[in-house]
Every structure is written in structure tokens, then in C-alpha cells.
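In: turn this into a structure:
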Amino acid sequence: ATSEPFSIACGDLLTADQVYEYNPNFGAVDGWVPNPGTVAGDGVAAQGTACRWQNQSSGATIDVSVAHLLEPRLSEKKGEVAAAYATADWPIEGYFLANGGPGIAQAFTDKYWVTVQSTTFFAAEDVAPLIEYLSASLG
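Out: Numbering: from 1, shown residues only. Here you go, the predicted model:
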């Protein structure tokens, strides 16, 4: 096995207060399922959870996924991401990439692989508050 099932309510992953503090225009999108081949889709394929929040004014979205990867897959995933992404200065090991498309953040705890993607992310600093919230909610 390369992962264990991980399920969490989106409101427990990022609380309504945290999302509001980040940007009061974002609201949760219930029942969202990511497309296969996206980072959130890859998180779900690894038995993880994915959530989406949408800006009520612009329609921009923030997609988050969390998967519980087992060794050696966790270390392999870190290596893959580190080879393609710039290192980010966050409270947990993290990487950021924005190549003209949506900004993609990937971060790692001792057992979780976290992805956060949005067209509103242009630099690692843009997603840093969400990474901090996610780090705290995942312990």
C-alpha cells in the first residue's frame, strides 16, 4: 500500500473563520470532485480528501487536497515535487510553482501530502496563510 484513507470535513480542514480571514469573498463549494490528473485529483486518487472554495465575486477557486501517504511513497513524492518546484518558506516543508497557470503549493508533514491550487496564487507568500492553517489542522 502507498497510502491510507484520509477523510476530513472541509470545514474542519479550513474553518469558515480561517477562510474568511484569508479572504471574506471565498465560500465553500459542497460536493466538488476534482478532475483526474490535477493535483487535487491526484490527492483523491491517493485515498485523500479534496475541497474547493470559490470567490463569490470573481469566481476564482482554491482547491485543497490532503492525502496520508505511507513510506516510501511519501519520500518519493517529496523528491518529485522538490525536483520541479521552488522551496517555500512555510512552517512545514513546502514547495510552490506558478508557470503562467494556477499557482500550485505542495507541502508535507510527517505523514500528509497537502496540495493547494488557485489562479489567485502568484507567489509562495500568497498561499502561506492557508498552509499555516492546514498545518495546524493536521497537527
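
In: contacts and neighbour counts: CA atoms only from here.
Out: Noted.

In: what segments of the chain are strands?
Out: In the chain, the segments counted as strands under DSSP state E are 3-4, 26-29, 49-55, 61-69, 86-88, 93-97, 103-108, 112-118.

In: what packs against the first one?
Out: Which is strand 3-4. If contacts are counted by 3 or more C-alpha pairs under 8 Å, 6 or more residues apart in numbering; DSSP states H and E, strand 3-4 sits against strand 61-69.

In: rewinding a little: can I get the strands of the chain in JSON lines including mean pLDDT?
Out: Below are those laid out as JSON lines (pLDDT from 0 to 100):
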{"stretch": "strand 3-4", "mean pLDDT": "98"}
{"stretch": "strand 26-29", "mean pLDDT": "96"}
{"stretch": "strand 49-55", "mean pLDDT": "98"}
{"stretch": "strand 61-69", "mean pLDDT": "98"}
{"stretch": "strand 86-88", "mean pLDDT": "96"}
{"stretch": "strand 93-97", "mean pLDDT": "97"}
{"stretch": "strand 103-108", "mean pLDDT": "98"}
{"stretch": "strand 112-118", "mean pLDDT": "98"}
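
In: take these and write them to JSON lines, including distance to N35 and mean neighbour count.
Out: Converted to JSON lines, those look like this (distance: least, C-alpha to C-alpha, whole Å; neighbours: other C-alpha atoms under 10 Å):
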{"stretch": "strand 3-4", "distance to N35": "20", "mean neighbour count": "16"}
{"stretch": "strand 26-29", "distance to N35": "15", "mean neighbour count": "19"}
{"stretch": "strand 49-55", "distance to N35": "11", "mean neighbour count": "22"}
{"stretch": "strand 61-69", "distance to N35": "11", "mean neighbour count": "25"}
{"stretch": "strand 86-88", "distance to N35": "24", "mean neighbour count": "17"}
{"stretch": "strand 93-97", "distance to N35": "19", "mean neighbour count": "22"}
{"stretch": "strand 103-108", "distance to N35": "15", "mean neighbour count": "24"}
{"stretch": "strand 112-118", "distance to N35": "13", "mean neighbour count": "24"}
